[in-house]
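Please work out how this folds:
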Amino acid sequence: TATAMEEFGFHLGLVYQIQEDILDFTVAASVLGKPALADMDLGLSTAPILYVAMEHLELRPLVKRRFKNKGGKETAHVYLFKSETAMNKAKNLAQFHAQKPTDALLRLLQLESMVALVQLVHMVITHKK
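Modelled structure (predicted):
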């Protein structure tokens, strides 16, 4: 059971972060309750940005410089919105990790607590702010 709970926590944390990364580009800052693109301001590359950088090699220097040069963040943002696949790949990654906590919970026998934790996973993957 300890391994199942470890897997649950690991994948729940990943799905939460990936979902936050997606929302950063798809929901207004006023809804998010935090500044949009805050991770990029910190020089962090999120799942959608990493996927678009895989499509467009010219973005890799921006990622390596952590968006420190003028216009770097905006350029990456433009490429992301022009991409037909990057955001979907990030969403698929979130869905993949959303299934993992549920799979881990299915190995547990306590039905009531398992149902509550499955509901928690659902809340994380569907949250909008």
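
for this structure, which spans come out with low pLDDT?
Low-confidence regions of the chain, defined by pLDDT under 70, span residues 109-112.

tell me, what residue is most central in it?
Geometric centre of the chain, nearest residue: Ile18, 0.9 Å, by CA atoms, centre = their mean.

Does it touch Ala94 like I think?
Yes: using CB atoms under 8 Å, Ile18 makes contact with Ala94 at a distance of 4.2 Å. (Glycine included, C-beta is placed from N, CA and C.)

which residues do these two both contact?
Ala47 (CB atoms under 8 Å, 6 or more residues apart in numbering).

so who does the residue nearest to the centre of the chain touch?
47, 90, 93-94, 97.

Thr126 too?
So Thr126 contacts nothing (CB under 8 Å, 6+ apart).

can you tell me how far it sits from Tyr51?
21 Å (CB to CB, to the nearest Å).

what does His97 give?
15 Å.

immediately after the longest helix seen in the chain, which helix or strand?
Looking across the chain with DSSP state H, the single longest helix is helix 2-26. Later in the chain than helix 2-26, the nearest helix or strand by DSSP states H and E is helix 29-32.

Only the buried residues of that next one, if you could.
Residues Leu32 are the ones in helix 29-32 that count as buried (16 or more other CB atoms under 10 Å).

Which neighbouring elements make contact with that helix?
Taking 3 or more CB pairs under 8 Å, 6 or more residues apart in numbering; DSSP states H and E as contact, there are no helices or strands that helix 29-32 lies on.

Grab the nearest non-local neighbour of Thr1.
In this structure, Thr1 finds its nearest non-sequential neighbour in Leu108, 6.0 Å apart by CB to CB, 6 or more residues apart in numbering.

what angle sits between the strand or helix carrying Ala116 and helix 2-26?
Ala116 belongs to helix 111-126 when assigned by DSSP H and E. Put simply, helix 111-126 runs at 20 degrees to helix 2-26, going by axes from the mean of the first three to the mean of the last three CA atoms, to 10 degrees.

now helix 111-126, how far from the chain's geometric center?
18 Å (CA atoms, centre = their mean, to the nearest Å).

can you check stretch 120-129 too?
Worked out by CA atoms, centre = their mean, stretch 120-129 lies 12 Å from the chain centre.
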